[in-house]
Structures are given as structure tokens and as C-alpha cells.
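**Q** fold the following and give me the result.
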Amino acid sequence: MPNSKDPKQVNNDLPNSQSGGGLINADSVNASRIGGNIYNIHLGQQMAASGNSVQSQNQRQRSLSERNSLEKAYTLQSQKVANLRTALVIETDVSRKFQYENQLQSEERTLKELGDKLDAIEQQLQAIEKSRLEQDTDIYIERPPIEDKCYKAIVQPGALIRLKAPQRMGKTLLLEKTLDYARHQGYQTAKLDLQLADIDVLTNLKTFLQWLCVDIADSLELEPQLEKHWQEVFGLNKNCTRYFQKYLLSVTDTPLVLAIDNFERLFEYPEIFPQFCLLLRGWYEAAKQGDKIGNIWKKLRLVVVHSTESYPSLDSNHSPFNVGLAIDLPEFNLQQVTNLAKQSELSLGEQDLSGLMELLGGHPYLVQSAIAHLKSQQMTLEELLRLAPTEQGIFSDHLRQQLWHLQHNPQLEIGYKKVVMTNAPVRLDTEVAFKLHSLGLIKLVSNDCVPGCDLYRQYFSTRLE
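**A** Residues are numbered from 1 along each chain as shown. Predicted coordinates for the structure are as follows:
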């Protein structure tokens, strides 16, 4: 959520208050009235794609209206908190100082509530945008030889594939293509999307592992049977391993492909991340055994999808991130953008495509969005390119959401400002660089950073001044 202003920068003209006198009026902003009907959303939970584009558009408009109201309320409440902090500093009367402290605590709680609602509405808008893109861009563009590598790897006993790329690069689409190939081989498939896990699930290892077991059983249309295969005498990872070994992998001779999407969500949960990584590495190693147990684990093939390498440090012997097949998904090249335009039945000349890529690079999401708009004839290519880095452009929602990510992390904002304001590659702190790369905002050139595309450079160089 946005940061409240520093008291030192706040005008000391305190409305509805006086030094040594009355308190700040606490009723000028009411969080329960403004933005109070926000949809109940678990943070990090993805909204399912709507089958009705009109409903989706209406919901987006409602969400935008809610966000605008909340932003105004947040700004007013932030000013009030800043004024109270100033009043507290200059107040000398002990009893009134105590009153100011109590009121400040109350107003800060209100500010946090507004901030949480803003966070939730931004999550919802991101999910709506993703849904809209999925409806508009159902064309898959291959990036050889990546697909062939995935297909060859997935049929190997005990395989582990790691798909890595920044957000909106097409990782999930490649995952679905790989799973579809596996199904055509007669394999069972189960996909675990960690964006769908409630926060409560991710704060307790036992709850998380049991959720994993039940979710996969449900995907395979099997009864959970946790009571039968989960024994408290064993440790948590041992119980999960027994559940797979004695139940999920033993009910059939058919290989099982388990895909885990949005794996990076676990990076923020130290109670789960290292233990779950140890578990996955153990399953991978178990498949190498030549005994009966090894033959069972050879039926499991793992696909892990994540958007950054900025994960907590792990013992190299316990990590699933240094074994198996690593796939780093690149941007589209000119030929692939040309193929996308042709498959969309869009007539674009070589000069047009070069202009598009000069602004957007080969970023799959940005390129596909542009081509979808051009196909619908909502605007000409010249108009699209001219308005793209402005609030009138077709990318305004996406750019604003990226700006929101930066504003919620001052270190990222400061680092990215250096990148877009400098014509040469910039060296940043490793963690900051990885997080910006995860968002797709930068490209890594050796150990340095450059803007992900010229669209980002133009837009953020004016917003981060």
C-alpha cells in the first residue's frame, strides 16, 4: 500500500485541531463507508476467468471505481495520520499528548484497513486483466527447440522440469502444452496452482501438505483417504511421501505428471519453502533407485514453474533448483511475432513489425495485447504506438499495476528509477535485480540491468521522477 507522508513534509496547518486544544476530527474519513463493499478476496488468490466478456468488463469498471474511491480515501487518511503525528510532536500537555497517541493508533488502524482494501482490489484487477488476455489471445506461438525439449523430458522416468521466466512470458501456456502432450501419451496429470492457496494454507506445513494431497487426489478423481495413509507417528514430509507412494502412485501403472505453477509464492513462507523443496528433491532422488520403491517413483514426473531465481538459500543437496531440465523462456523474436500476426489474420508489413518490436521488444504479453487490439480495429498501429506510454494507451492498466508493485516496495522503486533514467546498463543489488526481472521490468545484461522494453523506459521515466 502507498506510504503515508513523512511528518516533516506535512503542512503544520492542522484542520480541526489546535495545539494544546481539541483533537483532530476523526470522522472526516470513514473507511467503513468508502470502499466498504469491496469483494472478499484472499490475497494471492486468482479469480477464475469469466465466460462472459460483458460481465468481466462490468466487473472491471466496478473495480476501477472502487479503487478510485479507495485511493482518495487513502490519501485523505494518510494526510490525517501525518497531521496527527506532527501534532503529537509539538504538543506539550501530557494529558492531551496521551489523547493524541490513542487517536493516532485508531487512525493508523483505519489507514491500514484502507491499504489492505487497496491491495485486494489491485489483486482483483490483475486477475481480471489476465482473464481478458486469455479470452483475447488463444494462439500459441512456439519457441523452438523449447517445446521439443519439454516433450522429450516429460516421458523420462522420474523427470523434473523447471520452467522459469518473468511474469506474463507464457510459462503457463507452455506448461499446458506440456501437460497436453503428456495426456496424449496416456499419462495422468495434476496441476497445483499455488496462487489458489489461501494464506492460512501457506502458514502451516501440515496444512499445506495435506491440502496438496487432497487437491491432487481430487484432480485424479480419487477419494482423499488421508485418514488411511496419514499416520501421526511419522513426520510431515514422510507422511506426504507415504501418501504418494502407497496411494497416488500405486493405484495405477500410468505415469503421473505433477505440475506446480507459481512456485515463487512459497518463497515468502519460511515455514514451508525449505521443507517442501527437500521433499521434492527427495522424490526426484528416489526415482533413481533400482529397487521396487524406485520403480514406483519413476512414475512421477515433476514440472515446477516460477518467475524468479530470487529464492531463499538452500543446501545444494536439498534443492530441486539445481537438478533436472531447466527451461528459461525467452521473448518472441521477429519471426515469431510475424507468425503471431499471420495467425491472427493481421496484415502487418516488415516496417510495422519492426516498429512494434522497437517499442515492446518481444514481450509476449505486450505483443499479443497489441495484436489483439489491432485485429479488433479499435485503433491504427500509428495511434497504438503513439499512445502506448500514456494513460490513454492500451497498456495503461498493465503499466499502472507495474507502478503499483514498485510503489509498494521502495527499494524496487529506487532501483528501477536508476535503470530508466540511465542510458547505460545499471548494477543493482542482486535481490532487487531478481525481483525487477521477475516482474518483467528489466533485462539482465551480464550482471547489470536495462529496461525490459522502450515502453517501460518511456512510461516509468516520467512516473518515477
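
**Q** which stretches in this structure count as strands?
**A** 160-164, 188-193, 256-261, 300-306, 325-328, 442-445, 448-451 (DSSP state E).

**Q** output the ones you listed in CSV; the columns should cover mean pLDDT.
**A** Output for the strands of the chain, formatted as CSV (pLDDT from 0 to 100):
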stretch, mean pLDDT
strand 160-164, 97
strand 188-193, 97
strand 256-261, 98
strand 300-306, 97
strand 325-328, 96
strand 442-445, 94
strand 448-451, 97
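
**Q** Serialize the ones you listed to TSV and add fields for mean neighbour count and distance to D148.
**A** All C-beta spots, glycine's among them, are computed from the backbone N, C-alpha and C. TSV is the format used below for the strands of the chain (neighbours: other C-beta atoms under 10 Å; distance: least, C-beta to C-beta, whole Å):
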stretch	mean neighbour count	distance to D148
strand 160-164	22	13
strand 188-193	18	19
strand 256-261	22	17
strand 300-306	24	15
strand 325-328	16	11
strand 442-445	18	25
strand 448-451	20	30
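
**Q** tell me which of those strands lies nearest to L111.
**A** strand 442-445 (31.5 Å; C-beta to C-beta).

**Q** which residues touch the closest one?
**A** The set of residues external to strand 442-445 that reach it, using C-beta atoms under 8 Å, 6 or more residues apart in numbering, is Y416, V419, P425, A433, L436, H437, C449, V450, P451, G452.

**Q** neighbouring strands - and their directions - for that strand?
**A** Partners of strand 442-445 in the sheet, by DSSP bridges, are strand 448-451 (antiparallel).

**Q** off-centre distance for the partner strand?
**A** 21 Å (C-alpha atoms, centre = their mean, to the nearest Å).

**Q** put the alpha carbons of that strand into CSV.
**A** Only the C-alpha atoms of strand 448-451 are listed here, as CSV (Å, rounded to 0.1, in the frame of the first residue of the first chain):
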residue,chain,number,x,y,z
ASP,A,448,23.7,-5.3,-15.0
CYS,A,449,20.1,-4.2,-15.7
VAL,A,450,18.4,-2.4,-18.6
PRO,A,451,14.7,-1.6,-19.1
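
**Q** that older thread, is it possible to export the strands of the chain to a markdown table including distance to I199?
**A** Putting the strands of the chain into a markdown table (distance: least, C-beta to C-beta, whole Å) gives the following:
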| stretch | distance to I199 |
| --- | --- |
| strand 160-164 | 25 |
| strand 188-193 | 15 |
| strand 256-261 | 18 |
| strand 300-306 | 19 |
| strand 325-328 | 30 |
| strand 442-445 | 29 |
| strand 448-451 | 31 |
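
**Q** returning to what we had before: out of the contacts of strand 442-445, the closest to R400 would be?
**A** Within the contacts of strand 442-445, the smallest distance to R400 is 14.7 Å, found for Y416 (C-beta to C-beta).
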